[in-house]
Each structure stands twice: as C-alpha cells, then as structure tokens.
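Trainee: Next come a sequence and a model predicted from it.
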Amino acid sequence: MTIKTVVLVHGAFADGSCWVKVIPLLAARGLKAIAVQNPLSSLADDVKAAHRVIEMQEGPVLLVGHSWGGAVITEAGNHQQVKGLVYIAAGAPDTGQSFKDWWKDYEPAPGAAEIKPYGEGYVALTHDGVRKHFVQDLPAAEADIVYATQGPLAVACFGAKISRAAWRSKPSWYLVAAKDETIPPAVERDSAAHMKGETLVLQSGHVPMLSQPEAVADFIASAAAAIDA
C-alpha cells in the first residue's frame with residue numbers, strides 16, 4: 001500500500017496558501033494534498049491542528065512541514081497514521097530541543113533582524129523582511145501578497161521543547177534551500193545529514209514551494225512513492 005495523502009504544514013509568517021502552487025501539482029501526480037491552518041499560538045496548538053487534519057484522512061499520510069512547521073511535524077509526526085516526514089527548509093529539533101535550541105549555534109540569517117513585535121506576545125516579518133529575505137526570489141507583487149497574508153507567530157513557540165523527535169523513528173526527507181535568508185542554510189544541511197535520509201538542495205530562497213513548486217512537488221511525490229505503508 002502506497003501513500004496517497006499528503007498533509008502540508010505551513011510555518012511562521014505564512015498560512016496554508018503557501019502551498020497553493022504545490023497542491024495541484026501533487027494532485028496531477030495522483031496524491032491528495034490538504035493544508036493545515038496553524039493557529040501559530042503554541043507548539044501544542046499547532047500539533048493539535050495537524051492531528052485534527054491527519055485524523056480526518058483515510059489511511060496513512062505523509063506529513064510535510066515548512067520552516068516552523070518542521071518543529072510541528074517533528075512532534076505531530078509521532079501520530080500512528082504518519083508514515084513519513086518531509087522537511088522543506090524546515091526546523092528539525094531533536095528530542096528535548098526547541099526551535100530556538102535547534103538554530104542557536106549558527107550565525108543568524110539576514111531575515112532574523114526583520115522579525116519584529118506584532119502586538120503582545122507575537123512577532124511578524126516586516127515588509128522589507130518578506131521582500132528581501134523571505135521570498136526574495138519571487139516578483140514584488142507576489143511577495144506583497146505573502147506579506148499581507150502572513151500569520152504572526154507567538155514568541156513562546158520558539159521555546160517549546162519537542163517531547164520525541166519523530167524523524168528519529170520514521171523515514172524522513174529534507175529539502176535544503178541553499179539561498180535561504182530566513183533560516184541559515186548550514187543548519188538545514190546539518191539537519192539533513194543527521195536524518196540520513198534523501199536530501200535535495202535547491203538554489204532557492206526560504207519558500208521554494210512558491211518559487212520552485214515543480215521541484216518541491218516532485219520531491220514530495222518521490223517520498224510518498226518510496227514509503228511502503
């Protein structure tokens with residue numbers, strides 16, 4: 001039995017629409033794809049949102065996470081219906097680590113300086129941050145839509161610890177965005193190496209689902225095809 005359903009988990013400063021180009025490409029490859037809408041209010045809340053979607057699907061699923069969504073799938077991926085994990089320029093903390101722990105030993109990417117307070121307890125990316133460091137490989141008009149639809153993130157999210165890293169026990173894949181200016185590419189490469197799974201390096205910014213959707217869809221589809229569920 002092969003994987004037929006893909007659950008997509010977005011990251012901080014985004015929403016489910018970041019997968020808008022990939023979903024029809026996966027459908028063309030025979031895969032049902034559905035995006036989680038994370039509240040971005042806590043790791044626990046985002047994991048609950050992912051589990052809610054997973055449990056509405058029939059049969060096994062492949063869980064895909066981008067950016068902060070990588071921390072979410074690292075925890076949510078312990079669900080019994082999840083048979084594999086795909087990380088797209090994503091956080092991959094280990095057991096007992098937080099997202100903040102995961103990248104603290106690396107030189108911050110330029111976009112980190114553009115994360116600013118957004119009301120009490122939340123942060124968001126500035127307009128320049130989105131255009132220059134988040135989706136710098138998209139046309140300005142498209143980048144402005146990403147900015148306008150971003151989801152602010154609760155600051156507490158980055159400090160929440162992973163109880164058990166699902167990538168330690170389930171097949172995992174990692175897509176490194178070599179021109180990422182939001183997450184340091186070095187930490188992405190090191191995470192991919194720790195997983196010892198198939199790795200793809202794209203010459204893309206932080207959101208390759210929008211800038212190189214065909215390559216992302218192919219990578220996800222190849223992971224789904226490789227899993228004997």
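Mentor: Now that the structure is in, tell me what you want to look at.
Trainee: most centrally placed residue in this structure?
Mentor: residue 66 (1.1 Å; CA atoms, centre = their mean).
Trainee: Quick one: residues contacting that residue.
Mentor: 8, 9, 10, 11, 14, 18, 88, 89, 90, 207, 209 (CB atoms under 8 Å, 6 or more residues apart in numbering). To be clear about C-beta, it is placed using only N, CA and C from the backbone, and glycine gets the same treatment.
Trainee: Just confirm residue 26 contacts residue 222, I think it does.
Mentor: No - counting by CB atoms under 8 Å, residue 26 sits too far from residue 222 to count as a contact (11.5 Å).
Trainee: the more surrounded of the two?
Mentor: residue 26 (25 against 14; other CB atoms under 10 Å).
Trainee: Report pLDDT for the more buried one.
Mentor: Predicted confidence (pLDDT) for residue 26: 98.
Trainee: does it sit in a helix, a strand or a coil?
Mentor: Of the three states, residue 26 takes helix under DSSP: H, G, I helix; E, B strand; the rest coil.
Trainee: Excluding residues flanking it in the chain, which one is nearest it?
Mentor: Leaving aside its chain neighbours, residue 26 sits nearest to residue 33 (4.3 Å; criterion: CB to CB, 6 or more residues apart in numbering).
Trainee: picking that back up, in which helix or strand does the residue nearest to the centre of the chain reside?
Mentor: Per DSSP states H and E, residue 66 falls inside strand 61-67.
Trainee: Does residue 84 touch residue 64 like I think?
Mentor: No - counting by CB under 8 Å, residue 84 does not reach residue 64; the two are 9.3 Å apart.
Trainee: how about the closest residue to residue 113 other than its chain neighbours, what does it touch?
Mentor: Spatially, and ignoring its direct neighbours in sequence, residue 113 is nearest to residue 129 (7.9 Å; CB to CB, 6+ apart). Shown in contact with residue 129 (CB under 8 Å, 6+ apart): 111, 113, 114, 115, 116.
Trainee: ok, the residues you listed vs residue 213, which is closest?
Mentor: Nearest to residue 213 out of the contacts of residue 129 is residue 111 (CB to CB; 21.0 Å).
Trainee: For that closest one, which non-adjacent residue is spatially closest?
Mentor: What sits nearest to residue 111 in space, not counting adjacent residues and going by CB to CB, 6+ apart, is residue 133, at 3.2 Å.
Trainee: Can I take it that the one you found is in a helix?
Mentor: Yes - counting by three-state DSSP, residue 133 is found in a helix.
Trainee: The residue nearest to residue 26 in helix, strand or coil?
Mentor: strand.
Trainee: Look at residue 131 and report its pLDDT.
Mentor: 98.
Trainee: Can you report how many residues lie near it?
Mentor: Residue 131 has 18 nearby residues by other CB under 10 Å.
Trainee: ok, residue 168 - contacts?
Mentor: 94, 95.
Trainee: Next up, phi/psi of it, please.
Mentor: phi -70, psi -20 (degrees, to the nearest 10).
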